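Peer 1: any chance you can model this:
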Amino acid sequence: MIVVHGADELREAIVQRRIAGDSVGFVPTMGMLHDGQLSLVRRAHIENGCVVVSSFTNPGSFTSLDEGSPGTRDHVRDLALFEHADADICFIPDVATLYPPQDTTRVTVEGLTRQLEGASRPGHLDGLTTVMLKLLHLVGPARLYLGQRHAQQVVIVRRMLRDLFLNIELVICPTIREDDGLALSSANAQLGIEERHAAACLFSALTAAKEAYDAGERSAEVLRWRMTEVLSNEPKARIDYVSVADAFSLAELQRVTGPALALIAVGISRIRLTDNMPLAWDVA
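Peer 2: As a prediction, the model looks like this:
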């Protein structure tokens, strides 16, 4: 595996692989790797001749702790895991590489970056779209791999690819979960024993909504109530939002008549956790 830090280094390394006839698959990460992220790398390896991974955290991304903080990073560990998952090129830029002096361009996907996570963490999703577009221009992949774990980000990036005519296939991979259903996240390691037990309520709430939907319930209000009821029964859970939204516009629904997402954000002690579950929709 080649490790590069500069934009020119990255382009040169990718050009060499393209000359060799390899297609390029790209997996962007913030580091602090877990098996959910590594599953994307492994799938990209199966479907492409060259797998490019990145490890970068936008400045100011940690206004709330729904991922590990930058101080918890272990680059040596991450590089070993990337290599074991068969990544070919690892891009680890510093902030000045992606945001040079006097950089003022930002990317907003109107209607999608202001709600849910955008409402709870103002500016966070605009930062996501901006850095994602920068990375995609640098890498120029045939395929981009994202996990359903961050459903709103998937919806936003899909729209950005379409609106900006980017000829990149978006591959959505299913959420990887612990045995009790908790979605894998670098934030999980920050949970104490009691908090970790309490965090299982997220999957329980989503499962309650999915079971109700599968049994024929189509009222989005009832599905939201089912999730809220489960979360409210966990004393350590503080509800940020509970949503049943259209899978493509993220508009809150009154009735579920097509592809939809059940989405929740919950605080457990100092840690903020998010999760989601597709309704009537096979994202994989």
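Peer 1: Glu217: how many residues sit nearby?
Peer 2: Other residues lying near Glu217 total 15 when counted by other CB atoms under 10 Å. Just so you know, the C-beta spots here come from the backbone N, C-alpha and C atoms, and that holds for glycine as well.
Peer 1: tell me how far it lies from Ala208.
Peer 2: 10 Å (CB to CB, to the nearest Å).
Peer 1: anything in contact with each of these two?
Peer 2: Arg226 (CB atoms under 8 Å, 6 or more residues apart in numbering).
Peer 1: what about the stretch 101-250 of the chain, any weak spots by pLDDT?
Peer 2: For the stretch 101-250 of the chain, no stretch is flagged by pLDDT under 70.
Peer 1: run through the strands of it in chain order.
Peer 2: Assigned by DSSP state E, counting those that start in this stretch, the stretch 101-250 of the chain shows strands spanning 143-147, 169-173, 237-246.
Peer 1: now find how far off-centre the first one is within its chain.
Peer 2: Relative to the mean C-alpha coordinate of its chain, strand 143-147 is positioned 9 Å out (CA atoms, centre = their mean, to the nearest Å).
Peer 1: skipping its backbone neighbours, what lies nearest Asn188 in space?
Peer 2: The shortest distance from Asn188 to any non-neighbouring residue, by CB to CB, 6 or more residues apart in numbering, is to Leu182 (6.5 Å).
Peer 1: any chance of the strands of the stretch 101-250 of the chain in TSV, with mean neighbour count and distance to Ala20 too?
Peer 2: Converted to TSV, the strands of the stretch 101-250 of the chain look like this (neighbours: other CB atoms under 10 Å; distance: least, CB to CB, whole Å):
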stretch	mean neighbour count	distance to Ala20
strand 143-147	22	17
strand 169-173	17	20
strand 237-246	19	42
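Peer 1: what's near enough to touch the residue nearest to Asn188?
Peer 2: Here Leu182 is in contact with 188, 196, 199-200, 202-203 (CB under 8 Å, 6+ apart).
Peer 1: cutoff 10 Å now
Peer 2: Neighbour list for Leu182: 188, 191, 196-197, 199-204, 273, 275 [criterion: CB atoms under 10 Å, 6 or more residues apart in numbering].
Peer 1: quick one: which of those residues sit in helices?
Peer 2: Of the contacts of Leu182, the ones assigned to helices by DSSP state H are 196-197, 201-204.
Peer 1: top of the residues you listed by neighbour count?
Peer 2: So for these (other CB under 10 Å), the most neighbours sit at Leu202, 26 neighbours.
Peer 1: grab the nearest non-local neighbour of that one.
Peer 2: Once flanking residues are discounted, Leu202 sits nearest to Asp275: 4.5 Å by CB to CB, 6+ apart.
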